[in-house]
Structure formats: structure tokens, C-alpha cells
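Novice: give me coordinates for this.
(chains A and B)
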Amino acid sequence: MNGCRKYEDLLARYLHGETLLQDREALEKHLAVCPDCENLYRDVADVDQALREVPGKVVDPPPYLHARIVANLPAEAPPLLARWGRWAVGLGTVAAALFALFLGLYRGDGPRIERVASAPAPAATPQPPAAPGAAVAPRSAEPGKVPFLSAAPGRGRKRETVVASVPEVQVIKEVKIFFYFPPAQDVAVTGDFNDWNADGVPLKAAGKPGLWEIELRLPPGVYSYNFIVDGELLVPDPNASNQMPDGYGGTNSILLVKGESPV
Amino acid sequence: MTVRRTARFLVPLFLLLASAFPAFAQKTVDELCRTHGVGGEENIRRIEQAYVAAVKAGISEDVLLPFVEDILRHKLDCGQMVRVLDVTTRLRQADLPYFVVFSKVREGVAKEAPPVRVVEAAEAKYKTLSESRDVLNSLSSLGYSIRDPQNAAVLVSSFIERGYAPAEIVSQIRDKGIQGGGFAALSGVLENPVKRKVH
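Specialist: Alright, predicted model coming up:
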């Protein structure tokens, strides 16, 4: 019987398939030769099967159970983030709103709505001078961007280069304007692109006596402009191929910046 | 607990409003009118009504209010102010580039033109832009696809101001295409805004 004792301990594990292979083989050999253990095995198997077939019953926990469990849990301080999280969310929202407000209110002097043909253009930025008649050289405003989408043939007066990139929305072109006026001490240009600012955008000496130049960065469109000579005189560009009456008794030069504004 | 929750919302709200104060500190039309010597409550009310109409039409106050200040500074009277604002409103309602009028008026200010000339120039711009819209509509009906109608409207209006009749512009484009004869400048610019008709 002592030998049977070992197999009795294995029976439960055997029924649940948890015995090792060698134990299972040993138990099966023993059950084949030991009627007592064989009967015990069948009884245990029947009981086990009977227990498995008993329908389960859902028992609701008593109402105080949850409260008792929680009450007996050890006290734990909430992490710093949890304590300040809600405040942080509120302050973060305010910070984001302030930043957006800052961008909206103080982004510069320019208007903040959609740009159209005669909308005030970005501030004209004088660029390094290039000799009149120089070949149009592709260049990009920023590294890694598409540098050159199209170029208009310069007639020694203007050159146009697309410097904006895809998929950025706005197309900006560089337009170079020359003005030959030897008597001038000081020349600026003003027009639709700067809201006809009375000071204008100053031209720089182009290397030859009396020759002035400026490079403007403008979106495609039609721009009227005049030169301001020595702070006073508003004169049209004698080299502009297009001139038109300004409606005030004078003449405007027309700058046609080719290209297609993004729609 | 309730106090803390309330504070959690009120404090950020207060900070937000305090930070936004400069936006509300912008002068009103009423204040601008009084600052620049527009006399009479009725006149100020008319200007305000014209201003509100422009804003309702979709013109941003961020650009409209500085514009109003510019023209008030140029001593346009109430009736002239209303006419200029009415022009911009109608342009906006017609989806035409109202900035052209802004620019035209500021040009007049820069050239120290008499206020009456400034208003006339603004209204003339409205007229040519309306005609240019008709030209573009005609081109569309002929099968030309206008990809950049705002710039195209300004361009065509500049040709109208140079003496081209709207019908002549349509006719030349239809007969010669956009690269025809005296239309070299137009063709050069219209090459992008107006796509060639596909046969």
C-alpha cells in the first residue's frame, strides 16, 4: 500500500493534466495492475466530473465589501503630476492661448487676412545686388526647398525667381528693378506692395553712377508703383513696359509678377 | 472642493482675458471719428453702419480699422467715408479683390490727392473691377478656366483702365488667343491665371 500512496498523490494532478510525462506513464502502468487505485481513480474522476457539471451561481458581493477593501488599502500619496495635472492642463491651455494670441496680435505690421493681388505684400527685402543683364540664376530662399520653378527672361531690368517651395502655400518671386536717375541723391520705391508707404523701400546704388536697384520679394500679382526721388518726387519707372494713369493726374508703372497665386 | 474646482477654471480664464486686453484696447470707429474731427452723432452713426456692413460682408477688422483710420486722417468727410466703405463692401460681396481699393485710397493719401479725387478713384476701381469680372465670366463661358480669378480680375481691370473695352479684351482673347499682337503683356501675365481652352 505504501507504493499506492505515491500514486494517490498523483491522481489529482493526473486528472487535471498536470503530471510529468514519466509520472503519468508510471501512474498508468500502476492503475493497470492495481484495482484499488483503479477504483479510486474512477471515483475521483466521477466526483471531479460531477463538480464540473454543477451549474454556477452568480453571487453579488455585499455592498460594504468594496468600501472595506478600499479602507484597508495602505495610504498612498498621489504622484506630483496627478496633484498638479489639472492645474497644468489649465495653465497649459492658457499658455497655448497666449502664444496663439501673441502670434495673432504681434506678428508684424501687416494685415492678417488672405492675400490677394493688391494686398500689402511682405516687407520688401533688399537683396545683394546683381549686375544688370546678368543671367538669371536659380536659387532658393531656404536650403532643401525646391529652388527654381520658373524664370522669366530678364531684359536687363528685372529678374524673377520662384523661391517658395511645395507644399508651402505662398509663392514668392524675386523681382529686381533698376532705375537710372543721375540727379537723385536718394531713391525709394513705393506702391501697392507696401500700401503706398510715404517713405517707400530704399533703392541701393547699383555700381554705375546714377543707377539704382532693388530686389523685391512679391507674390504673383499686378502692382502699381512709383519712385520717390529725394524724399519728394513721385515718378513712374521710365523702363516699365506698362504704364497707366493713376487716377490722380499722374502715371503709375505696372509691375506684373508672373505666376499663379495658390488658390 | 467646489471652490478649488471653480478656481481651476476662473484663474486661467482671468489670465486669458487679461492677456487679450490689448486686442480689446483697439480703438473703435466711434473713437476714431471723434479723434479725427468727424462731427455730428448722425455722421458717426452712418460711418459706423457702413463699417459694420463691411465687416459683415467678411472684411477683417484687423485690416479695416487701420484703413478707416488712414482715410480719416486724410480728412474725408462722412459722406466720402461711407462711399469708400460701401465700395469695399460691394467688392467683398462680389468676391472681388477689395484690397485694390484699399491700395488705391492709400495711394491717393500718399500723393496728397484731394479727398474727392480719392473717392472717385475708389469708385472707378470698383467699376473696372466689376467690368473685369464680366470679362472673366465671358471667358469662362467660352471655356477658359480661370485659375486665379482675383489676380486675373486685377490684371484685366488694369487693361480696362488703359482704354481697352471689356468686349475688346474678350474678343481679342477669343480670336487670337492669349498671345495675340498688342496683347503681349496680357498674354505674358495671363498665361498662368487663364488656362488655355482645351479643344
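Novice: next up, the contacts around residue 48.
Specialist: Using chain A here. Residues in contact with A:Asp48, defined by Cβ atoms under 8 Å, 6 or more residues apart in numbering or on different chains, are A:Leu15. Heads up, the C-betas are built off the backbone N, CA and C, glycines and all.
Novice: my bad, chain B
Specialist: If a contact means Cβ under 8 Å, 6+ apart, then B:Glu48 has B:Val29, B:Asp30, B:Cys33 as its contacts.
Novice: ramachandran angles for it?
Specialist: The phi and psi values for B:Glu48, taken as degrees, to the nearest 10, are phi -60, psi -40.
Novice: pipe the contacts of B:Glu48 into TSV and attach secondary structure and distance to A:Gly221 per row.
Specialist: Putting the contacts of B:Glu48 into TSV (DSSP: H, G, I helix; E, B strand; the rest coil; distance: Cβ to Cβ, whole Å) gives the following:
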residue	secondary structure	distance to A:Gly221
B:Val29	helix	29
B:Asp30	helix	35
B:Cys33	helix	33
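Novice: please identify the helix or strand for the residue lying closest to A:Val175 once chain neighbours are set aside.
Specialist: Distances taken as Cβ to Cβ, 6 or more residues apart in numbering or on different chains put A:Leu216 closest to A:Val175, at 4.9 Å, once the chain neighbours are dropped. With the criterion set as DSSP states H and E, the secondary-structure element containing A:Leu216 is strand A:211-218.
Novice: what is the subsequent helix or strand relative to that strand?
Specialist: Sequence-wise, the next helix or strand beyond strand A:211-218 is strand A:221-229, with elements assigned using DSSP H and E.
Novice: tell me the helices and strands packed up against that following strand.
Specialist: strand A:187-191, strand A:233-235, strand A:251-257, helix B:149-161 (3 or more Cβ pairs under 8 Å, 6 or more residues apart in numbering or on different chains; DSSP states H and E).
Novice: for that strand, C-alpha coordinates in PDB please.
Specialist: Only the C-alpha atoms of strand A:221-229 are listed here, as PDB (Å, rounded to 0.1, in the frame of the first residue of the first chain):
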ATOM      1  CA  GLY A 221       0.000  89.800 -59.000                       C
ATOM      2  CA  VAL A 222      -0.300  93.200 -60.600                       C
ATOM      3  CA  TYR A 223       1.400  96.100 -58.700                       C
ATOM      4  CA  SER A 224       1.300  99.800 -59.400                       C
ATOM      5  CA  TYR A 225       4.400 101.700 -58.200                       C
ATOM      6  CA  ASN A 226       6.300 104.900 -58.400                       C
ATOM      7  CA  PHE A 227       9.700 106.000 -57.400                       C
ATOM      8  CA  ILE A 228      10.300 108.500 -54.600                       C
ATOM      9  CA  VAL A 229      13.300 110.700 -55.500                       C
END
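Novice: partner strands of that strand, parallel or antiparallel?
Specialist: The strands that strand A:221-229 pairs with in its sheet are strand A:187-191 (antiparallel), strand A:233-235 (antiparallel), strand A:251-257 (antiparallel) (by DSSP bridges).
Novice: wait, A:Pro245 touches A:Pro236, no?
Specialist: No - if you go by Cβ atoms under 8 Å, A:Pro245 and A:Pro236 don't touch, sitting 10.3 Å apart.
Novice: more neighbours, those two?
Specialist: More neighbours sit around A:Pro236 than around the other of A:Pro245 and A:Pro236, counting by other Cβ atoms under 10 Å in any protein chain shown; the figures are 18 against 12.
Novice: how about that one, phi and psi?
Specialist: Recorded main-chain torsions at A:Pro236 are phi -70, psi 160, according to degrees, to the nearest 10.
Novice: who's in contact with it?
Specialist: With contact set as Cβ under 8 Å, 6+ apart, A:Pro236 has these partners: A:Asn226, A:Phe227, A:Gln243, A:Gly250, A:Thr251, A:Asn252, A:Ser253.
Novice: now it: how far from chain B?
Specialist: Between A:Pro236 and chain B the distance is 12 Å, computed by Cβ to the nearest Cβ, to the nearest Å.
Novice: now A:Arg5
Specialist: From A:Arg5 across to chain B, the span is 65 Å (Cβ to the nearest Cβ).
Novice: the closest residue to B:Ile47 other than its chain neighbours: which element?
Specialist: For B:Ile47, the nearest residue in space outside its immediate sequence neighbours is B:Met81; the separation is 5.1 Å by Cβ to Cβ, 6+ apart. Taking DSSP H and E as the criterion, B:Met81 maps to helix B:78-93.
Novice: quick one: the strands in chain A?
Specialist: With DSSP state E applied, chain A shows strands at A:151-152, A:160-162, A:173-180, A:187-191, A:201-202, A:204-205, A:211-218, A:221-229, A:233-235, A:243-245, A:251-257, listed in chain order.
Novice: before we move on, the earlier item: which other helices and strands does the strand holding A:Leu216 contact?
Specialist: In terms of contacts (3+ Cβ pairs under 8 Å, 6+ apart), strand A:211-218 is packed against strand A:173-180, strand A:187-191, strand A:201-202, strand A:204-205.
Novice: could you redo the last one with a cut-off of 6 Å?
Specialist: strand A:173-180 (3 or more Cβ pairs under 6 Å, 6 or more residues apart in numbering or on different chains; DSSP states H and E).
Novice: quick one on the thing from earlier: what about the residue nearest to B:Ile47, how many residues close to it?
Specialist: With neighbours defined by other Cβ under 10 Å, the count for B:Met81 comes to 25.
Novice: now the one 4 residues further on
Specialist: B:Leu85: 29 surrounding residues under other Cβ under 10 Å.
Novice: which ones are touching it?
Specialist: With contacts defined as Cβ atoms under 6 Å, 6 or more residues apart in numbering or on different chains, the neighbours of B:Leu85 are B:Ala50, B:Ala54.
Novice: recalculate using a threshold of 10 Å.
Specialist: Remark: with contacts taken as Cβ atoms under 10 Å, 6 or more residues apart in numbering or on different chains, B:Leu85 is in contact with B:29, B:46-55, B:57, B:59, B:64, B:67-68, B:71, B:101, B:122.
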